[in-house]
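J.: Here is a sequence with its predicted model. Questions after.
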Amino acid sequence: MPAEFEATLRGRPTTAGSERPEGCDLYSGYCASCHQPSGAGTADGSHPSLFHNTATGSRHAGNVVAAILFGVDRASDRDHAFMPGFKATSCVQPLDDAQVLSVTNYVLRTFGDPSVQITIDDVAAARGVSAAPRLAHVVQGLLVLVALALYALGWWGVRRWQRRARP
């Protein structure tokens, strides 16, 4: 249970290689103050429970990753829920991909469906950084090189033809 570790975490630095998963430490530092150490959320529902939650209980963890990266800003007739995102341009301390991976998998394992786990590629895709744009840049670079080679070959051919055409 996550609350078991909470009392030992407050005021103590994270230690590498501890028996607690890093995600537990990240949850404690970034999430527990609103979602509670137990994951139960607040009584008024302004900070939702992470148990029986459609995002943490889904077979696809994309919504959890998106909420962590980009936050939540939801208004209803009764209230307004706000959670800051933890992306690079966040108003709070950002999390890198490895940290997002760690805390997301901790939240899924502890409060949601433990069989659902994400990879670092899932986090990169959620950020909008995937292999496809990198591949497009490589292809574009190769096309530029081919165009330069064809230009150079054409220039060389014209120069050679001009030298032969002179009397």
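T.: Okay, I see it.
J.: Please count neighbours and contacts with C-alpha atoms only from this point.
T.: OK.
J.: how does the protein divide into domains?
T.: Following automatic domain parsing, one gets these domains for the chain: 3-127, 130-167.
J.: how about CSV for these, with mean pLDDT added?
T.: Shown next, in CSV, are the domains of the chain (pLDDT from 0 to 100):
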stretch, mean pLDDT
domain 3-127, 83
domain 130-167, 79
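J.: okay, those domains, which one's buried deepest?
T.: domain 3-127 (a mean of 16; mean count of other C-alpha atoms under 10 Å).
J.: who are the neighbours in contact with V65?
T.: By C-alpha atoms under 8 Å, 6 or more residues apart in numbering, the residues touching V65 are V100, T104, V123, A126.
J.: that's a strand at the second one, yeah?
T.: Yep, that's T104 we're talking about. No. Using DSSP: H, G, I helix; E, B strand; the rest coil, the secondary structure at T104 is helix, not a strand.
J.: tell me the contacts of it?
T.: Taking C-alpha under 8 Å, 6+ apart as the test, what T104 contacts is G23, V64, V65, I68, I118.
J.: Make sure R74 is indeed in a strand.
T.: Yes. Counting by three-state DSSP, R74 is found in a strand.
J.: Helix, strand or coil: sort out Q93 for me.
T.: Classified using three-state DSSP, Q93 is coil.
J.: Verify the stated contact: it with G85.
T.: No. If you go by C-alpha atoms under 8 Å, Q93 and G85 don't touch, sitting 9.3 Å apart.
J.: For the residue nearest to the spatial centre of the chain, which non-adjacent residue is closest in space?
T.: When C-alpha atoms, centre = their mean is applied to the chain, the residue found nearest the centroid is V123 (3.4 Å). The spatially closest residue to V123, leaving aside those adjacent along the chain, is D97, at 6.1 Å (C-alpha to C-alpha, 6 or more residues apart in numbering).
J.: what about the longest helix in this protein?
T.: Using DSSP state H to define each element, the chain has its longest helix at helix 131-165.
J.: Pull the distance from that helix to the chain's centre.
T.: 38 Å (C-alpha atoms, centre = their mean, to the nearest Å).
J.: Next one: A126 from V64, what distance?
T.: 10 Å (C-alpha to C-alpha, to the nearest Å).
J.: again, but for R159
T.: Distance of R159 to V64, computed by C-alpha to C-alpha: 63 Å.
J.: list the helices and strands the helix or strand hosting V123 packs on?
T.: Assessed by DSSP states H and E, V123 sits inside helix 120-127. If contacts are counted by 3 or more C-alpha pairs under 8 Å, 6 or more residues apart in numbering; DSSP states H and E, helix 120-127 sits against helix 62-70, helix 97-111.
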